[in-house]
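**Student:** Pasting a predicted model and its sequence here:
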Amino acid sequence: MGEHNLAEILIAEQEIQARVAELGQQISTDYADKTPFIVAVLKGAYVFLADLCRHLNVLHEVHFMAISSYGGRATQSTGVVRIVMDLPASPEGRDVLVVEDIVDSGRTLDYILRNLHTRNPTSVRVCTLLSKPSRREIQVPLDYVGFEIPDKFVLGYGLDFDEHYRNLPFIGVLKPEMYE
Ligand code: PRP
């Protein structure tokens, strides 16, 4: 991205890669006798998922859900979410691991968890790369957290600004004047 749009690099590529490897090892240990049914939330989770699953040494399935907010948003959730692409397979009786890129207000994840629990999974855990605890509006259970971050507009490593910059290998912070 043009450097003029970027205020800082919050989490460097090497730091992300090291933490993702740790998460993968922890998940592999915790699911040693299970075959997790991964539910990755599009679009933001696709980069994290691709790296995370290569650090898993347990058999696992990867499925996708796409979630959207009514009304669109640039920098924050509108709070109303809906499924725009549902799972192709049932998680009933499965050990579900939800993979997210970021938990902000918690509204998206709360919706997903409520929805998944209606489908009778054996267990549900959550793995998110990023969490912004200061922005939480709904408390959601997080089992694996890569990094807790301050309330800044972050992008890269799957996270976008106006659908761009998901490919950056680091987590950057957008200059406030870009969205204010
Ligand atoms: C982001 C992110 C989470 C959600 C978190 O998705 O991937 O799903 O926002 O925000 P919340 O905790 O306030 O609900 P977004 O709607 O930006 O879509 P994207 O993943 O396609 O970029």
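**Tutor:** Noted; the coordinates are in hand. Residues are numbered from 1 along each chain as shown.
**Student:** Tell me, how many residues neighbour residue 44?
**Tutor:** 22 (other CB atoms under 10 Å). Bear in mind the C-beta positions are built from the backbone N, C-alpha and C, glycine included.
**Student:** In three-state terms, label it for me.
**Tutor:** Assigned state for residue 44: coil (three-state reduction, DSSP: H, G, I helix; E, B strand; the rest coil).
**Student:** any idea how far it is from residue 157?
**Tutor:** In this structure, residue 44 lies at 9 Å from residue 157, with CB to CB, to the nearest Å as the measure.
**Student:** Find residues that contact each of the two.
**Tutor:** Between them, residue 44 and residue 157 share the neighbouring residues 101, 166, with contact defined by CB atoms under 8 Å, 6 or more residues apart in numbering.
**Student:** So which bits of stretch 159-178 are buried?
**Tutor:** By neighbour count, with 16 or more other CB atoms under 10 Å as the criterion, the buried positions of stretch 159-178 are 159, 161, 165, 166, 168, 170, 171, 172, 173, 174, 178.
**Student:** my bad, stretch 27-42
**Tutor:** Buried residues in stretch 27-42, counted by 16+ other CB under 10 Å: 27, 30, 31, 36, 37, 38, 39, 40, 41, 42.
**Student:** Restricted to helices, list those.
**Tutor:** 27, 30 (DSSP state H).
**Student:** taking the buried residues of stretch 27-42 as a set, which two sit the farthest apart in space?
**Tutor:** Of all pairs drawn from the buried residues of stretch 27-42, the one with the longest distance (CB to CB) is 30 and 42, at 24.3 Å.
**Student:** pLDDT averaged over stretch 163-173 - what is it?
**Tutor:** Rounded to a whole number, the mean pLDDT of stretch 163-173 is 96.
**Student:** would you put the C-alpha positions of it in PDB?
**Tutor:** What follows is stretch 163-173 as a C-alpha-only set of coordinates in PDB (Å, rounded to 0.1, in the frame of the first residue of the first chain):
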ATOM      1  CA  GLU A 163     -11.800  -4.300   0.300                       C
ATOM      2  CA  HIS A 164      -8.100  -3.500  -0.300                       C
ATOM      3  CA  TYR A 165      -4.900  -4.400   1.500                       C
ATOM      4  CA  ARG A 166      -6.000  -7.900   2.700                       C
ATOM      5  CA  ASN A 167      -2.700  -9.300   1.100                       C
ATOM      6  CA  LEU A 168      -0.300  -7.300   3.300                       C
ATOM      7  CA  PRO A 169       1.800  -9.800   5.300                       C
ATOM      8  CA  PHE A 170       1.700  -7.600   8.400                       C
ATOM      9  CA  ILE A 171      -1.000  -5.900  10.500                       C
ATOM     10  CA  GLY A 172      -0.800  -2.200   9.800                       C
ATOM     11  CA  VAL A 173      -2.700   0.800  11.100                       C
END
